[in-house]
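> sequence-free structure coming up:
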């Protein structure tokens, strides 16, 4: 656990230092500079993990695990869609419940005064966000959180506790998101999917598809946003999100039931720092 924390804190500190350096030079924090700092952070996670855990080619191959077939890829995409549906549905539920006490709470999640069509696609921004969010981030985060952290925690904890701790830290690292519950469940489910599939590549595909769908949904798909705070008055105003929420819960429950034995006996080979 200590070695994993050292890696994470070192990468966070160096990322913060790079951000301060950019601000001191430019006087502002340009979008592409922030993306560059994010890539630097991921690079540091990999380099520090390799150095502290002395990872070799055999361990890299073990991390990647089995190649997913067509069914594995299909499941990965379906699970990503289900997790996105859960996120949008969970946001709607939270906003609806809290807005019964104060309607301004709706603004915190899904409120958008003007249609997204007013914000045309900037292709440089689009491709950079997709490259980082749907390609680089899934590979590095799955390598670190499921491949390194989860397996390092298993050395002194059971699988459930290790999955719980790694998912909490995964959620904390995504502090800029407001979807804490769905982020935690997403990370927690990936721990068990990694154990069941024995393939980090399946987790990468899920993570990549999830990030891409969320990115497109948040920036370029308009239908799930409210136009006015008054629209939160009844459940019917949230019906698309409620259907999505129901679908996601049904999908997750079906997965838990089908793989209940594998979930109950989930285990992975642990790793230790050299």
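All right, it came through fine. No experiment lies behind these values; they were computed from the predicted model shown.
> The residue nearest to the spatial centre of the chain sits in which helix or strand?
Nearest to the mean C-alpha position of the chain, counting by Cα atoms, centre = their mean, stands residue 183 at 5.7 Å. Using DSSP states H and E, residue 183 falls within helix 180-197.
> coming back round to it: isn't the residue nearest to the centre of the chain right up against residue 172?
No. Assessed by Cβ atoms under 8 Å, residue 183 is found out of contact with residue 172, at 9.4 Å. Any C-beta I mention is one placed from the backbone N, CA and C, and that applies to glycine too.
> pLDDT weak spots in the stretch 101-250 of the chain?
102-123, 176-178, 219-235, 237 (pLDDT under 70).
> mind redoing it with 50?
113, 115, 118, 227 (pLDDT under 50).
> if we can go back for a sec, I'd like the distance between the residue nearest to the centre of the chain and residue 66.
Relative to residue 66, residue 183 is positioned 27 Å away (Cβ to Cβ, to the nearest Å).
> Ramachandran coordinates for residue 198?
phi 60, psi 30 (degrees, to the nearest 10).
> Spit out the contact partners of it.
By Cβ atoms under 8 Å, 6 or more residues apart in numbering, residue 198 lies in contact with 65-66.
> coming back round to it: now the residue nearest to the centre of the chain: closest residue in space, sequence neighbours ignored.
residue 171 (4.8 Å; Cβ to Cβ, 6 or more residues apart in numbering).
> Work out for me the element that neighbour sits within.
helix 159-173.
> in that helix, what counts as buried?
Buried residues in helix 159-173, counted by 16 or more other Cβ atoms under 10 Å: 159, 162-167, 169-171, 173.
> quick one: that helix to helix 180-197, angle?
140 degrees (axes from the mean of the first three to the mean of the last three Cα atoms, to 10 degrees).
> for this structure, longest helix please?
In the chain, assigned by DSSP state H, the helix with the most residues is helix 70-99.
> Can you spell out which helices and strands pack onto that helix?
helix 106-109, helix 180-197, helix 200-220, helix 239-258 (3 or more Cβ pairs under 8 Å, 6 or more residues apart in numbering; DSSP states H and E).
> Of all those helices, which one is nearest residue 135?
helix 200-220 (6.7 Å; Cβ to Cβ).
> next one: that closest one to chain centre, how far?
Relative to the centre of its chain, helix 200-220 is centred 8 Å away, using Cα atoms, centre = their mean, to the nearest Å.
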